[in-house]
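S.K.: test case, fold it:
(one chain, ligands or ions: 1)
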Amino acid sequence: MKIILLGAPGVGKGTIAKLLTEFDGSVQISTGDILRSAVKEGNALGKKAKEYMDRGDLVPDSLIMDIMEARLQEPDCQNGFILDGFPRTIPQAEELAKLLARLKIKLDFVANLDAPREVILDRLTTRRTCCNLSCQAIYNIKNNPPKEDGACRLCNHQTIQRDDETEEAITNRLETYNLKTAPLSGFYEKVGLLKTFLSLSAKDTIAEIKKALKA
Ligand code: AMP
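M.R.: Below is the predicted model of the structure:
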């Protein structure tokens, strides 16, 4: 599959993307995960991105487009990809359209994930992420907790609350989403690529996305 997952922080993009990769070998490409790895490694990209991320602001479009131009040409993308957290702005969507045309890649559709604001806020404050960069499994302390000592059930590394999951950063991320990313649904609706899915239970959402892929 070749799809984009669109939706507010906390709507479930990461969880849905990980489950979809098990379906047909498509790779999850999360710009958030790529940037967090860069910050942890302390490389040049990470140093540039950290201050924006900690505040809950978006990283400049040019940095993101450089990452994605290289990533989409890696061999594992040939089986398909699930874009998670990219594009995030209209300029990124415009640049992506040009890049895909150049690479002769056609998207199946853009899956717009939707959930009520209370559900999103609750998910963001109760989310825990595995600190192991090659795992980054996502948990929820209420309904999908890590082990009792906080360790990841997959790789045993500790799970953590992300730096941008403080109340202040979450509020800023949701405002940034409404201002800069929400207009992307109109952008993709105009070109006939948008399909909206309710994202309350991952199992139901996955089933609906698979149905749409087969249609
Ligand atoms: P996420 O894990 O997708 O919520 O991303 C975490 C943070 O990484 C965001 O709050 C942004 O600071 C940054 N980020 C991730 N993807 C993008 C993107 N496509 N454009 C700009 N900033 C991004």
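
S.K.: what helix or strand is the residue nearest to Ala182 when sequence neighbours are not counted on?
M.R.: Excluding the flanking residues, the one nearest Ala182 by CB to CB, 6 or more residues apart in numbering is Ala8, at 7.8 Å. In this view, the C-beta of every residue, glycine as well, is placed from N, C-alpha and C. Ala8 belongs to no helix or strand when assigned by DSSP states H and E.

S.K.: what about Ala8, how many residues nearby?
M.R.: A total of 22 residues lie near Ala8 under the criterion other CB atoms under 10 Å.

S.K.: which pLDDT value belongs to it?
M.R.: You'll see Ala8 listed with a pLDDT of 95.

S.K.: which residue does this structure bring closest to the ligand?
M.R.: Using CB to the nearest ligand atom, the single residue of the chain nearest to the ligand is Gly32, 2.1 Å away.

S.K.: neighbours around that residue, how many?
M.R.: Other residues within reach of Gly32, judged by other CB under 10 Å, total 19.

S.K.: about what we covered before: hmm, the residue nearest to Ala182 is touching Glu175, no?
M.R.: No: applying CB atoms under 8 Å as the test, Ala8 and Glu175 come out as separate, 10.7 Å apart.

S.K.: quick one: name the residues of this protein near the ligand.
M.R.: Residues of the chain lying close to the ligand by CB under 6 Å from any ligand atom are 9, 31-32, 35, 52-53, 56-59, 64, 85-88, 92, 164, 173.

S.K.: which of these count as buried?
M.R.: Using 16 or more other CB atoms under 10 Å as the burial test, these include 9, 31-32, 35, 53, 56, 58-59, 64, 85-88, 92, 164, 173 as buried.

S.K.: would you map the strands across this protein?
M.R.: Remark: strands assigned in the chain by DSSP state E are 2-6, 27-30, 81-84, 109-114, 127-130, 138-140, 159-160, 194-198.

S.K.: show me which residues of the last one are buried.
M.R.: Within strand 194-198, the residues that qualify as buried are Leu194, Lys195, Phe197, counting by 16+ other CB under 10 Å.

S.K.: per-residue confidence at Ala207?
M.R.: In this model, Ala207 is scored at 96, pLDDT.

S.K.: that one: neighbour count?
M.R.: 12.

S.K.: now do Asp33
M.R.: Asp33: 17 neighbours (other CB under 10 Å).

S.K.: if I pick it, what's in contact with it?
M.R.: Neighbouring residues of Asp33 by CB atoms under 8 Å, 6 or more residues apart in numbering: Gly14, Asp84, Gln136.
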